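S.K.: take a look and give me a structure for this.
(chains A and B)
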Amino acid sequence: MLIIKVSNLSKTYEYYKKQLGVWASVKGLFRREKLHKEAVKEINFSIEEGELVGFLGPNGAGKTTTLKMLSGILYPTSGEAKVLGYTPWKRQPEYQKQFALVMGQKNQLWWDLPAMESFILNKEIYEVSDADFKENLDELVELLDIKDILDVQVRKLSLGQRMKCELVAALLHKPKVLFLDEPTIGLDVVAQKNIRDFIKQYNQKNKTTIILTSHYMEDVKELCKRVIIIEEGKIGYDGDLARLIEKYAPYKVLKITFEGEGVKEVDIREFGEMHQFAPHSITLRVPREKAKNVARDILSSNLPVDDILIDEVDISDVVRKIFSNGN
Amino acid sequence: MRKYLAVIKAEWQRQMTYRVNQFTFRIGNVFEILVQILIWTAIFQNVQVIRGYNYKEMMTYILIGWLLSMLMQNYGFENIISGHIEEGKLSNFISKPINYIKYLITLSIGRCSFTVAVAFGMNVVLLFLFRHYFILSKDPLMWAVLVAMVLAGYFINLFISILVGFTSFWTVDNHGIFYSINTLAKFLSGNYFPINILPAAFLNFSLALPFVYTFYFPAQLYLGKISIRQGLVGLGVEIAWLAFLYLVINWVWKLGLKKFESVGI
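M.R.: Sure thing, here's the model as predicted:
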């Protein structure tokens, strides 16, 4: 079943040019130049029920703007979107009760109160019954292992603990659609993994449709089968994560270790593009279709090969390459 | 409705977390009252009556006026609203099944009820200390009108704060505006001195504005310087202001939201 359908969605922000210098600022009090920034340009995509899709793109690419439009926080400049059959920016309570937005950089919990108080408030806002509330809360608390921090003031929690509580607050009403905007930002590796594991489990168990944005490739690799890459407001790629590598990285990586005295750089150069060199360990980049042949050639040469490994280019390198090329 | 009650409950708990803050703020208020008492006591050393007020009436004006205005204040609520807008927290509200304006009204009630209790307690102590200079009114009809006026005055202040807070949709960091508006409102309300000390034209002008009904007017009613009938007319003016302000709030909210959406804070 189609849950999200976005057609030709665009968003242009208006802002005023700020000139440098005091005199220019004074002039700016009387006459300001209005500028437009096209944050999202005619994007199209659709998402099926239960999918967990990763939104990738550099800062300012339009990811958050898109999520905000899908949450009904922003009106689009043009285009359409339907989530669960609703137009988000009409802000119908029937729609609002069925989705949740979690922003890693913002918090919805009451800062001065224990998280539990915010949960109770959300229970009332979303009109969750007592029985459902208890059941959902117990399940989430168990999954995230936060039983002992429920009655601690939110301001005293660590960032990781707070993020867990944010997730609970967002999920108490069992949303069918979940927008996660950088849920792991600023967290340490362990906390990142905890949140990631939780999202994975939750998605599998509840068939919640999730859009996730993250700058951490680990998150995307671990969670998303499908990714949508947004750059400068346009969709650059929409499809399988695995195929992204094939498309954008026509190379494979050969990692070779040598015994004894090792090798000289000149001996190796003919086999492929040198990526890293040390006498006992080198990394070569070779065209995808030639990888096997090159490996065989190296093994059958006179070089003192100890081990050889054919590997895909790291996804983060691929994405970095996409972002830096801007193509 | 339950969701809004939950807002009040949560806010109560938040307020109680910061009880020290409550008391320290109110100590400042007590000083403000004492300063006014000192000034007027000094002025009355050589005169019996100033513009129709004798010393005891002036003391009563200050004490009852402050007591009532504390019940009607909302203690810098505009800062909370502008915080929501400037930090983008407003997104939290407009993406949830809750009405932001109703949320603000309930939040303010939750926020003020505790503060008001503390302020009221402190003022009653003050009244007790100055009991020999205070005229106690025992007219039940007057008290009934006064209670209605306090209620209406509370919402007038609240609505003004909401409107002032909404200016943050257009300009960031509004503390200067807030300060100036608050000072002007305090002056126009008769908080610094009874408005009728000034020329009559000024008083008439003030009576058409909402501010005067949050200090001067109820204090005059209490002192019996205006009749119950006049008091009821004043109440009518207040209610008209309330209706008008509510409409303006909803209108400004719609405009502001468009602005919020277009800048995408």
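
S.K.: show the pLDDT at the residue nearest in space to the middle of chain B.
M.R.: Centroid check for chain B by C-alpha atoms, centre = their mean gives residue B:73 as the closest residue, at 3.0 Å. Per-residue pLDDT puts residue B:73 at 86.

S.K.: thought it was touching residue B:157?
M.R.: Yes: contact status for residue B:73 versus residue B:157: in contact at 6.1 Å, counting by C-beta atoms under 8 Å. Placement of C-beta: from N, CA and C, glycine included.

S.K.: host element of whichever residue of the stretch 101-250 of chain B sits closest to chain A?
M.R.: For the stretch 101-250 of chain B, the residue closest to chain A is residue B:103, as judged by C-beta to the nearest C-beta, at 9.1 Å. Taking DSSP states H and E as the criterion, the element that holds residue B:103 is helix B:100-129.

S.K.: cool, residue B:206 as well?
M.R.: Assigned by DSSP H and E, residue B:206 belongs to helix B:200-208.

S.K.: give me the contacts around that helix.
M.R.: With contacts defined as C-beta atoms under 8 Å, 6 or more residues apart in numbering or on different chains, helix B:200-208 is touched by B:188, B:190, B:195-196, B:212, B:216-217, B:234, B:237.

S.K.: just how off-centre is stretch B:29-39 within its chain?
M.R.: Stretch B:29-39 has its average C-alpha position 18 Å from the chain's average C-alpha position, going by C-alpha atoms, centre = their mean, to the nearest Å.

S.K.: ok, stretch B:139-158 next?
M.R.: The chain centroid and the centroid of stretch B:139-158 are separated by 12 Å under C-alpha atoms, centre = their mean.

S.K.: again, but for stretch A:108-118
M.R.: Distance of stretch A:108-118 from the chain centroid (C-alpha atoms, centre = their mean) equals 26 Å.

S.K.: how about that stretch: buried residues?
M.R.: Across stretch A:108-118, burial judged by 16 or more other C-beta atoms under 10 Å in any protein chain shown covers A:108-110, A:113-118.

S.K.: cool, and stretch A:10-25?
M.R.: Counting neighbours by 16+ other C-beta under 10 Å, one finds that the buried residues in stretch A:10-25 are A:10-11, A:13.

S.K.: about what we covered before: looking at the buried residues of stretch A:108-118, which are in helices?
M.R.: With helices taken from DSSP state H, the overlap with those comprises A:115-118.

S.K.: looking at those residues, spot the one nearest chain B.
M.R.: residue A:117 (5.2 Å).

S.K.: test my guess that that closest one contacts residue B:7.
M.R.: No: Residue A:117 sits out of contact with residue B:7 when judged by C-beta under 8 Å, with a separation of 10.8 Å.

S.K.: still on that earlier bit, now the element after the helix holding residue B:103, going C-ward?
M.R.: The first helix or strand that comes after helix B:100-129 along the chain, using DSSP H and E, is helix B:140-166.

S.K.: get me the contact residues on the stretch 1-150 of chain B for chain A.
M.R.: Residues of the stretch 1-150 of chain B found near chain A (C-beta under 8 Å from any C-beta of the partner chain) are B:2-3, B:5-7, B:10, B:13-14, B:17-18, B:87-89, B:91-92, B:94-98.

S.K.: just the buried residues out of those residues, in ChimeraX syntax.
M.R.: If you want just the buried ones from the residues of the stretch 1-150 of chain B next to chain A in ChimeraX, going by 16+ other C-beta under 10 Å, the selection is:
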select /B:3,6,7,10,14,88,91,92,94,95,96,97,98
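
S.K.: just the ones of the residues of the stretch 1-150 of chain B next to chain A in strands?
M.R.: Residues of those located in strands (DSSP state E): none.

S.K.: restricted to helices, list the residues of the stretch 1-150 of chain B next to chain A.
M.R.: Applying DSSP H to those, the entries found in helices are B:2-3, B:5-7, B:10, B:13-14, B:17, B:91-92, B:94.

S.K.: save those residues as TSV, and put in pLDDT and distance to residue B:29 too.
M.R.: Shown next, in TSV, are these (pLDDT from 0 to 100; distance: C-beta to C-beta, whole Å):
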residue	pLDDT	distance to residue B:29
B:2	85	34
B:3	88	33
B:5	88	29
B:6	90	30
B:7	90	26
B:10	88	26
B:13	86	24
B:14	85	21
B:17	80	21
B:91	90	35
B:92	89	32
B:94	92	35
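
S.K.: so for residue A:287, what pLDDT did the model give?
M.R.: Per-residue confidence for residue A:287 comes out at a pLDDT of 89.

S.K.: residues contacting it?
M.R.: Shown in contact with residue A:287 (C-beta under 8 Å, 6+ apart): A:250-252.

S.K.: so, low pLDDT: which residues of the stretch 101-250 of chain A?
M.R.: Residues of the stretch 101-250 of chain A meeting the criterion pLDDT under 70: none.

S.K.: contact residues of it facing chain B?
M.R.: Residues of the stretch 101-250 of chain A found near chain B, taking C-beta under 8 Å from any C-beta as the criterion, are A:101, A:103, A:106, A:108, A:110, A:112-113, A:117-118, A:120-121, A:123-127, A:153.

S.K.: relative to chain B, which of the buried residues of stretch A:10-25 is nearest.
M.R.: Lowest distance from chain B to these (C-beta to the nearest C-beta) belongs to residue A:13, with 5.7 Å.

S.K.: and residue A:202, what element?
M.R.: Remark: residue A:202 resides in helix A:189-206, with elements defined by DSSP H and E.
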